[in-house]
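Q: quick one: sequence plus predicted model below, questions after.
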Amino acid sequence: MERPSRLLLLSELRVRNAAHSVSLSRSLLTWKRRGSSPLYHPFRPRFCLPRLRRRSDSGSCHIVPVSEIISVREEDEENGSGRRDDGSWKKIKERDVKDCRQAFTVLYVERSGQHRWRCAEVTFTCSDTTLCQRWISNIREQLAAIASRPRRLLVYINPFGGKRQGKRVYEQKVAPLFLQAGIFTDVIVTEYANHARDHLRTEAELKQFDGVVCVGGDGMFSEIVHGLIWRTQIDGGVDVNCPDEALLPCSLRIGIIPAGSTDCICFATVGTNDPVTSALHIIVGDSQPMDVCSVHHNNTFLRYSVSLLGYGFYGDVLTDSERKRWMGPARYDFSGVKMFLTHHYYEGTVSYLPARGILGTPRDTARCRSGCVVCQRNGQLLSERAERYETDEGPDGETEREWRTIRGKFLAINAASMSCACPRSPKGLSPAAHLADGTTDLILVRKCSRFDFLRHLLRHTSKDDQFDMTFVEVHRVRRFRFAPRHCQSDSDLELDLQENGKRQIFSQICRDHPACGCAPSYSSWNCDGEILTHTAIDVRVHCQLVKLFARGIEEPAVFEDLTNPCAI
Ligand SMILES: Nc1ncnc2c1ncn2[C@@H]1O[C@H](COP(=O)(O)OP(=O)(O)OP(=O)(O)O)[C@@H](O)[C@H]1O
C-alpha cells in the first residue's frame, strides 16, 4: 500500500463551479468536494451509499497517481471560450468563461473496465493567476521527474496488417495523445515485409530514441523484436549463431499499438486489444520485461520466439491455413477442424533442461499478473546464476546430467513462453506460464484417440485442467531440443535441407490425399505464427531479454483498493 506522501500544494479550487479541496503530493493528485462526506450519510441506509471510487464523475473524492497524469494544460482565452484542443466545441457556463483565464486542465488515465484505459480530463479554476501558474508548474515538474517516460519514439506502421487500419488508427487515436503528452515521434510507414526489421538492424539511429512503437499485429511485433535483438547483439559483438551465447538485453522498450488480426502479444501484456489503452501505457512509461526464446538448428540461428512454438497439431494448422489465405481469418477454424480430423502424430525425441530451483510450476492456479512476484524473483535468481556461470559452471549453470530425454509419438509438442491467452482462448495454452520468469512450458501431447484429443482441446476453453490427462505432460524448462525420428542422426545442415526437400514432396502428396492412409513423418514448427524451415531445433530461453511499454494484466484489486486518504 502506498503511503500518502508530503503535500506539495493544497488549495481550494473550483471544479465545475463547485468548491473542491485539491492537493498534490509527489505521488498523488486528489480533489475532494468541500463539505461532502463520502463515507457516511446519517439519513441513507448503508447499503445505499454510493461506492467510493478512486475517481468518478458522481463521487466527490478523486485520486489520481501522478504517474498516471498524461499532461497539464493551461486554459487560455480561446479554450475558455469553448474550444477544445481537439477542435471540438463544448458548452461552458458563463461563470467558467469569466474564470477561465485562471484555469488549468489535467489529463489523466481513467480505467473503463476490462483492462481498458481512457484519457479523462478535469478543469480546475483558481482564484488568481499566480496560484494557477504554481499548480501548472508544480504538476509539470512532477511529470518531468518521471525518468521512465519516453520523450522521443520511433514508430513503425504496417498499413496492411489486420483490416488495413494501422495508419488510420495511429493518426486518429494515438498521435493526438502523444502530442498531448509532449512525445516527439519519427514515423515510418512500412513499404514491404521486413522493412521495419531491416531498418532497425542497420539504419535506425537508435540512440536518439527512448523506445520503438509497432503499429500492427503479432507478425509486425516479431519484425521489431528481431530487428532490435539482432542490432543489440551485433553492436555488442555477440555471435547470434551460437546457441550457447548469452544474449544482451535490449535497452529500448517496445510499445504495441494493436492493428493486426489476432494481436495476442498485446492482449497478453496489457489485457486488452485497444489502441488508446496501449498508447496510454506508452505515455506513462510502463515497463514489462519479457522472455525471448532463440531457436537454432545445427549452430545456425533460425528465429526468436516470444509466445508459442508448436510442432504437430499447431504446426500443421498453420501450414494448412497458409495455403488458404484467400479464406481470410476463417482459414484458422477450417484448418483446425481439418487437422483435428486428420489426426497425424509424429515420432521424435524431446530433450529438455528442467527449470530447477525457481518459483512456480505450470500447474499453479496463480496467474502472471502486473508486478508478478514469480517473474521478479526468478529474474533475480537467474541473473545471479548467470554471474556465477561466468566463473565456474556451464551455460546458465546447466550440466549435461540434468537433461531429460523423452522418445515417443506425439500429436503435439508445444512450448508456451506466455499463457498464449487471446480473446478466442482466454485461458491460453498454458494458463500459469509467466511472461518474464526465464522459462517456457513444454507441453507434450502423446498419441491418443481423437476423442481424447478433443477432450484435451475443449479443456482450453473450460475451467478444467488441460494437463490433467494421462497422455499429456507439461514441464517448465529453460532449454529444449527436438529431433524428428528420421532426422536424429543429422549432423549437417545440408543433409537436412536435402531431406526437407524430399519431405515436402511426400508430405504434400500425403496431405493432399489423406485417403492413401500414410502419415507424414514430419510436421513443421509454428514459431509465433511463422513456419520454421527446419524440424530439428535447439531452443533456449533468454530471461527478460526485451521490455515492453506495458505493465502486465492488472488485477481489478490493484485499482479498487488503493490507499484513499479521502476516506480517512
Ligand atoms: N508494407 C508492408 N507490405 C507487406 N507486408 C508487410 C508490410 N509491413 C509489414 N508487413 C508484414 O505483414 C505481416 C503481417 O502483419 P501484421 O502482423 O501487422 O498483421 P496480421 O498478420 O494481420 O496480424 P497478426 O499477426 O496479429 O495475426 C508481417 O509479418 C509483416 O512482416
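A: Arrived safely, thanks for sending. Numbers count the residues shown, from 1 in each chain.
Q: enumerate the residues of the stretch 151-300 of the chain near the ligand.
A: On the criterion CB under 6 Å from any ligand atom, the ligand has as its neighbours in the stretch 151-300 of the chain the residues 158-162, 190-195, 216-220, 223, 260-263. Backbone N, C-alpha and C define where each C-beta goes, glycine included.
Q: let's see 8 Å
A: By CB under 8 Å from any ligand atom, the part of the stretch 151-300 of the chain that sits against the ligand consists of 158-162, 166, 189-197, 216-223, 258-264.
Q: who's in contact with Leu429?
A: Shown in contact with Leu429 (CB atoms under 8 Å, 6 or more residues apart in numbering): 308, 414, 416, 419-420, 441, 443, 460.
Q: mind listing which of these are in strands?
A: Among the contacts of Leu429, the residues falling in strands (DSSP state E) are 308, 414, 416, 441, 443.
Q: out of those, flag the one nearest to the ligand.
A: Distance ranking of the ones in strands among the contacts of Leu429 against the ligand, using CB to the nearest ligand atom, places Leu308 first at 12.3 Å.
Q: distance check, that closest one against Ala550.
A: The gap separating Leu308 from Ala550 is 18 Å, by CB to CB, to the nearest Å.
Q: tell me the residues of the protein that contact the ligand?
A: Where proximity means CB under 8 Å from any ligand atom, the interface of the chain facing the ligand comprises 158-162, 166, 189-197, 216-223, 258-264, 529-530.
Q: residue ranges in the stretch 451-568 of the chain under the pLDDT threshold?
A: For the stretch 451-568 of the chain, residues meeting the criterion pLDDT under 70 lie at 486-519, 557-568.
Q: if we use 50, what do you get?
A: Counting by pLDDT under 50, the stretch 451-568 of the chain contains low-confidence residues at 488-515, 517, 558-568.
Q: what segments of it are strands?
A: If you assign secondary structure with DSSP state E, counting those that start in this stretch, the strands in the stretch 451-568 of the chain sit at 472-484, 526-527, 530-531, 537-548.
Q: in CSV, list those strands along with distance to Lys173.
A: What follows is the strands of the stretch 451-568 of the chain, written out as CSV (distance: least, CB to CB, whole Å):
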stretch, distance to Lys173
strand 472-484, 38
strand 526-527, 31
strand 530-531, 28
strand 537-548, 19
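Q: what about the strands in the stretch 101-250 of the chain?
A: 103-111, 117-125, 152-157, 184-189, 211-216.
Q: how distant is the second one from the center of its chain?
A: In this case it means strand 117-125. The gap between where strand 117-125 is centred and where its chain is centred comes out at 27 Å by CA atoms, centre = their mean, to the nearest Å.
Q: cool, the fourth one as well?
A: Going by CA atoms, centre = their mean, the spacing between the C-alpha centre of strand 184-189 and its chain's C-alpha centre is 21 Å.
Q: so it versus strand 211-216, what angle?
A: Using axes from the mean of the first three to the mean of the last three CA atoms, to 10 degrees, the direction of strand 184-189 lies 40 degrees away from that of strand 211-216.
Q: okay, domains of this structure per the record?
A: 7-146, 148-286, 296-490+515-540 (automatic domain parsing).
Q: winner for burial among these?
A: For the domains of the chain, average neighbour numbers computed from mean count of other CB atoms under 10 Å are highest in domain 148-286, which has a mean of 20.
Q: now the end-to-end length of it.
A: Distance between the two ends of domain 148-286: 7 Å, counting by CA to CA, to the nearest Å.
Q: that domain - what's its average pLDDT?
A: Averaging the model's pLDDT scores along domain 148-286 yields 95.
Q: separation between the residue of the stretch 401-550 of the chain found nearest the ligand and Gly310?
A: Shortest the stretch 401-550 of the chain-to-the ligand distance, computed as CB to the nearest ligand atom: residue-wise this is Gly529, at 5.7 Å. Using CB to CB, we find Gly529 at a distance of 10 Å from Gly310.
Q: shared neighbours of those two, anything?
A: Residues touching both Gly529 and Gly310 comprise Leu318, with contact defined as CB under 8 Å, 6+ apart.
Q: doesn't Gly310 fall inside a strand?
A: Yes: counting by DSSP: H, G, I helix; E, B strand; the rest coil, Gly310 is found in a strand.
Q: for it, give the beta-bridge partners.
A: Taking DSSP bridges, one obtains Asn414, Asn526 as the residues bridged to Gly310.
Q: test my guess that it contacts Asn414.
A: Yes: look at Gly310 against Asn414 with CB atoms under 8 Å: they come within range, at 4.7 Å.
Q: excluding its backbone neighbours, what's nearest Leu10?
A: Residue nearest to Leu10 in three dimensions, not counting chain neighbours: Ser23, with 4.6 Å by CB to CB, 6 or more residues apart in numbering.
Q: bridged to the one you found, which residues?
A: In this structure, Ser23 has the following beta-bridge partners (DSSP bridges): Leu10, Thr30.
Q: and Cys543, which of the strands of the stretch 101-250 of the chain is closest to it?
A: Using CB to CB as the measure, strand 211-216 is the one of the strands of the stretch 101-250 of the chain that comes nearest Cys543, at 20.6 Å.
Q: between that closest one and strand 537-548, how many degrees?
A: Angle, strand 211-216 to strand 537-548, by the same axes, to 10 degrees: 110 degrees.
Q: which helices and strands sit right next to strand 211-216?
A: Here strand 211-216 touches strand 152-157, helix 166-169, helix 218-235, strand 253-258, going by 3 or more CB pairs under 8 Å, 6 or more residues apart in numbering; DSSP states H and E.
Q: contact partners for Ser67?
A: Ser67 sits next to 27, 146, 284-285 when contact means CB under 8 Å, 6+ apart.
Q: closest to Ser383 out of the helices and strands packed on strand 211-216?
A: Of the helices and strands packed on strand 211-216, nearest to Ser383 by CB to CB is helix 218-235, at 16.8 Å.
Q: for that closest one, packing partners?
A: Counting contacts by 3+ CB pairs under 8 Å, 6+ apart, helix 218-235 is packed against strand 152-157, helix 195-198, strand 211-216, strand 253-258, helix 264-270, strand 300-305, strand 537-548.
Q: of all of the stretch 1-150 of the chain, which residue lies closest to the ligand?
A: Using CB to the nearest ligand atom, the closest approach of the stretch 1-150 of the chain to the ligand is made by His115 at 18.1 Å.
Q: which ones are touching that residue?
A: With contacts defined as CB under 8 Å, 6+ apart, His115 is in contact with 270-272, 277, 553-554.
Q: will you turn those into JSON lines that also has distance to Gln133?
A: Formatted as JSON lines, these follow (distance: CB to CB, whole Å):
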{"residue": "Val270", "distance to Gln133": "36"}
{"residue": "Gly271", "distance to Gln133": "39"}
{"residue": "Thr272", "distance to Gln133": "38"}
{"residue": "Thr277", "distance to Gln133": "33"}
{"residue": "Ile553", "distance to Gln133": "40"}
{"residue": "Glu554", "distance to Gln133": "35"}
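Q: what's the farthest-apart pair in the residues you listed?
A: Thr277 and Ile553 (11.7 Å).
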